[in-house]
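Novice: Dropping the sequence and predicted coords here.
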Amino acid sequence: DTAVSQTPKYLVTQMGNDKSIKCEQNLGHDTMYWYKQDSKKFLKIMFSYNNKELIINETVPNRFSPKSPDKAHLNLHINSLELGDSAVYFCASSQEGGLTEAFFGQGTRLTVV
Amino acid sequence: RKEVEQDPGPFNVPEGATVAFNCTYSNSASQSFFWYRQDCRKEPKLLMSVYSSGNEDGRFTAQLNRASQYISLLIRDSKLSDSATYLCVVNDQAGTALIFGKGTTLSVSS
């Protein structure tokens, strides 16, 4: 039973399209995150939610909009996709923010063509 | 100054070797420290937490030096399966998220 699951695993789309990535965790954690890993493999935090409330919103274009309908789900919607958005997006969760370890989903490999 | 800095490597070692990775962090108030492992095209996975007194898990030993804001990972008797990228992780200033270093790549050969 997967602890943090995100879909889809692969996403290939054209520039200008809008797409969503879904994430669910069944660990009962309070905190969920979106990280972006670029071609240089740097894993950078984008957003952090605690009990459905936005805690961290790093310098991310406002074309990226996270939504947390409940504390077990954190989805990421991206508008007007650009070539530079191509990356692997990881969802993660932790029990207590940055004080406890995070568990990651398998990642969504987004390719914008 | 970057929040978490690591030597990217790659470290190329033969099986059986001992290898050490180092990491420095900028936030002196950080309280949580971890080493994660990431295999190619996979998600990062927790390797071990790092405690103030240092801790060991089999062939892996982690050390923390708060005064120098320095974390280390020692791998003894390297196996082929240890080949991966090792990520140093520290909590952010607010304690609300984990900040990852860029990782150190290890390649163990026979």
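Specialist: Yep, that arrived. Numbers count the residues shown, from 1 in each chain, chains lettered A, B, ... in the order given.
Novice: For the nearest residue to B:Thr18 once chain neighbours are set aside, which residues are in contact?
Specialist: Excluding its sequence neighbours, the residue lying closest to B:Thr18 (C-beta to C-beta, 6 or more residues apart in numbering or on different chains) is B:Arg76, at 5.0 Å. To be clear about C-beta, it is placed using only N, CA and C from the backbone, and glycine gets the same treatment. Residues near B:Arg76 by C-beta atoms under 8 Å, 6 or more residues apart in numbering or on different chains: B:18, B:59-61.
Novice: What of B:Lys45?
Specialist: A:104, B:36-38.
Novice: What subset of those residues is buried?
Specialist: Listed as buried from these are A:104, B:36-38; burial here means 16 or more other C-beta atoms under 10 Å in any protein chain shown.
Novice: so which of the contacts of B:Arg76 comes closest to chain A?
Specialist: B:Phe60 (15.2 Å; C-beta to the nearest C-beta).
Novice: neighbours of the closest one, just the number please.
Specialist: Using other C-beta atoms under 10 Å in any protein chain shown, B:Phe60 has 17 neighbouring residues.
Novice: show me the contacts for it.
Specialist: With contact taken as C-beta under 8 Å, 6+ apart, B:Phe60 is in contact with B:35, B:47-48, B:73-76.
Novice: Helix, strand, or coil at residue 34?
Specialist: Using chain A here. Put simply, A:Trp34 is strand when judged by DSSP: H, G, I helix; E, B strand; the rest coil.
Novice: not quite, I wanted chain B
Specialist: B:Phe34 - assigned by three-state DSSP - is strand.
Novice: Can you give me the pLDDT of the nearest residue to it once chain neighbours are set aside?
Specialist: Distances taken as C-beta to C-beta, 6+ apart place B:Val89 nearest to B:Phe34, at 4.2 Å, with adjacent residues excluded. If you check B:Val89, the pLDDT there is 96.
Novice: After the helix or strand harbouring B:Val89, which helix or strand is next? Please name it.
Specialist: Secondary structure assigned from DSSP states H and E places B:Val89 in strand B:84-91. Where DSSP H and E defines the elements, the next helix or strand beyond strand B:84-91 is strand B:98-100.
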